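Enquirer: predicted structure and sequence below. I'll ask about it afterward.
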Amino acid sequence: MQDSSRTSSPDPASSAAPPPEAAPPEPSTVSAPPPLPESEVVRLLRAAGCVFAEDEARLLTAAARDAGELRGMVERRAGGLPLEHVVGWAEFAGRRIAVDPGVFVPRRRTEFLVGEAVALGRAGAVVVDLCCGSGAVGAAIAAALGGVDLHAADLDPAAVRCARRNVAPAGGHVHQGDLFAPLPPRLRGRVDVLAANVPYVPTGAVGLLPAEARDHEARIALDGGPDGLDVLRRVAAEARYWLAPGGSLLSETSGRQAGRAVRIVRAGGLEPRLATDEDRGATVVIGTRPAA
């Protein structure tokens with residue numbers, strides 16, 4: 001009779017030799033990009049035709065988190081992308097304004113319009129930034145006056161998203177739509193300062209703009225129609241219904257268009273005047289709704 005009892009086999013886990021310790025991971029064979037000296041950044045930018053290569057090199061070097069990012073930023077800038085789109089912001093009226101790709105970059109000459117608007121405003125004023133782009137104008141006016149009821153509007157969804165970030169510190173509201181259409185009806189007859197930095201480049205001249213603007217900013221932020229004044233005509237025709245008595249419309253234009261711009265504002269029932277700054281090359285037409 002076969003013996004049914006047998007010696008138990010040893011537990012493999014208890015009898016096996018202990019596994020060797022895991023070998024340390026091999027060091028990565030991918031090395032970090034070598035540092036890019038500022039002098040080399042200047043050379044690359046100058047070779048790409050950047051007039052202010054030294055200033056731009058300092059900004060790019062300060063904005064980059066590492067050498068790899070700096071190289072990418074220099075490549076994009078050398079490829080023609082506006083500096084403000086590369087670093088993500090523009091300096092305007094002493095403030096850092098977020099500027100997303102494709103969004104109109106606020107021009108330094110437009111700071112003159114802001115100064116004129118601030119001179120006409122007051123704390124607690126109702127301020128509207130029409131054709132707001134990044135919202136730079138409205139944000140700067142609100143920062144200077146303090147405690148205003150700020151509204152901004154633009155047709156471009158990318159601009160609206162960008163403007164919301166820039167006007168948020170002032171508690172501003174951004175509306176998407178064509179000119180006055182998206183504004184809250186409660187603002188009719190109550191606007192103290194209406195800043196409308198409308199596009200005023202004649203259609204036939206858009207192709208003559210620098211490539212940075214022509215190729216990387218929204219066409220609707222540049223093209224003002226056959227004579228450059230189509231959008232101003234639309235704004236001026238409706239502005240008096242939105243302005244409070246004594247409230248003013250301010251719009252940037254060119255020196256060549258100034259006479260026609262004044263006539264357009266007068267035809268809209270506003271009292272026009274021109275303000276100019278030769279140093280900035282800025283011309284602003286201002287139309288005020290009569291107080292009576």
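Expert: Okay, I see it.
Enquirer: residue 127: how many residues sit nearby?
Expert: 24 (other CB atoms under 10 Å). For the C-beta atoms, the positions are set from N, CA and C on the backbone; glycine is no exception.
Enquirer: doesn't residue 150 make contact with it?
Expert: Yes - if you go by CB atoms under 8 Å, residue 127 and residue 150 touch, sitting 5.0 Å apart.
Enquirer: need the residues touching each of the two.
Expert: 138, 141, 142 (CB atoms under 8 Å, 6 or more residues apart in numbering).
Enquirer: report how many residues lie close to the second one.
Expert: By other CB under 10 Å, 28 other residues sit near residue 141.
Enquirer: could you look up the SS state of it?
Expert: Classification of residue 141 by DSSP: H, G, I helix; E, B strand; the rest coil places it in helix.
Enquirer: and what of the first one?
Expert: In the three-state summary, residue 138 is assigned as helix, counting by three-state DSSP.
Enquirer: state the distance from it to residue 148.
Expert: In this structure, residue 138 lies at 9 Å from residue 148, with CB to CB, to the nearest Å as the measure.
Enquirer: now do the second one
Expert: Distance check for residue 141 against residue 148: by CB to CB, it reads 7 Å.
Enquirer: how about residue 92, what does it touch?
Expert: For residue 92, the set of contacting residues under the criterion of CB under 8 Å, 6+ apart consists of 106, 108, 110, 111, 136, 140.
Enquirer: not counting sequence-adjacent ones, nearest residue to the fifth one?
Expert: This points to residue 136. In this structure, residue 136 finds its nearest non-sequential neighbour in residue 106, 3.8 Å apart by CB to CB, 6 or more residues apart in numbering.
Enquirer: what sits against the one you found?
Expert: 90, 92, 97, 99, 133, 134, 136, 137.
Enquirer: tell me which element it falls in.
Expert: Element membership for residue 106, per DSSP states H and E: none, as it lies in no helix or strand.
Enquirer: got a pLDDT number for it?
Expert: As summarised for this prediction, residue 106 has a pLDDT of 96.
Enquirer: go on, residue 226?
Expert: Looking at residue 226, its pLDDT is 97.
Enquirer: burial count for it?
Expert: If we define neighbours as other CB under 10 Å, then residue 226 has 10 of them.
Enquirer: next, the nearest residue to residue 102 once chain neighbours are set aside: phi, psi?
Expert: Once flanking residues are discounted, residue 102 sits nearest to residue 158: 5.1 Å by CB to CB, 6+ apart. Geometry field for residue 158 lists phi and psi as phi -60, psi -40, criterion degrees, to the nearest 10.
Enquirer: contacts only, for residue 158.
Expert: With contacts defined as CB under 8 Å, 6+ apart, residue 158 is in contact with 100, 101, 102, 103, 218.
Enquirer: how near is the second one to residue 152?
Expert: For residue 101, the distance to residue 152 equals 20 Å [CB to CB].
Enquirer: how about the fourth one?
Expert: Separation of residue 103 from residue 152 (CB to CB): 13 Å.
Enquirer: regarding the protein, what is its longest strand?
Expert: The single longest strand within the chain, with elements called by DSSP state E, is strand 243-253.
Enquirer: quick check: buried residues in whichever helix or strand comes after it?
Expert: Proceeding N to C from strand 243-253, the next assigned helix or strand is helix 258-267, under DSSP H and E. Buried positions in helix 258-267, judged by neighbour count with 16 or more other CB atoms under 10 Å: 260, 261, 262, 264, 265.
Enquirer: buried residues in the helix or strand just after helix 258-267?
Expert: Past helix 258-267, heading to the C-terminal end, the next element that is a helix or strand (DSSP H and E) is strand 271-277. Residues of strand 271-277 classed as buried by neighbour count (16+ other CB under 10 Å): residue 272.
Enquirer: hmm, who's touching strand 271-277?
Expert: By CB under 8 Å, 6+ apart, the residues outside strand 271-277 that reach it are 109, 112, 116, 255, 258, 262, 265-266, 282-290.
Enquirer: rounded mean pLDDT for it, please.
Expert: Mean per-residue pLDDT for strand 271-277: 97.
Enquirer: any idea how far it is from the chain center?
Expert: 26 Å (CA atoms, centre = their mean, to the nearest Å).
Enquirer: name the strands paired with the helix or strand just after it and say parallel or antiparallel.
Expert: Under the assignment DSSP H and E, the closest C-terminal helix or strand after strand 271-277 is strand 282-288. The partner list of strand 282-288 in its sheet, established with DSSP bridges, is strand 243-253 (antiparallel), strand 271-277 (antiparallel).
Enquirer: please consider this matter closed, and thank you.
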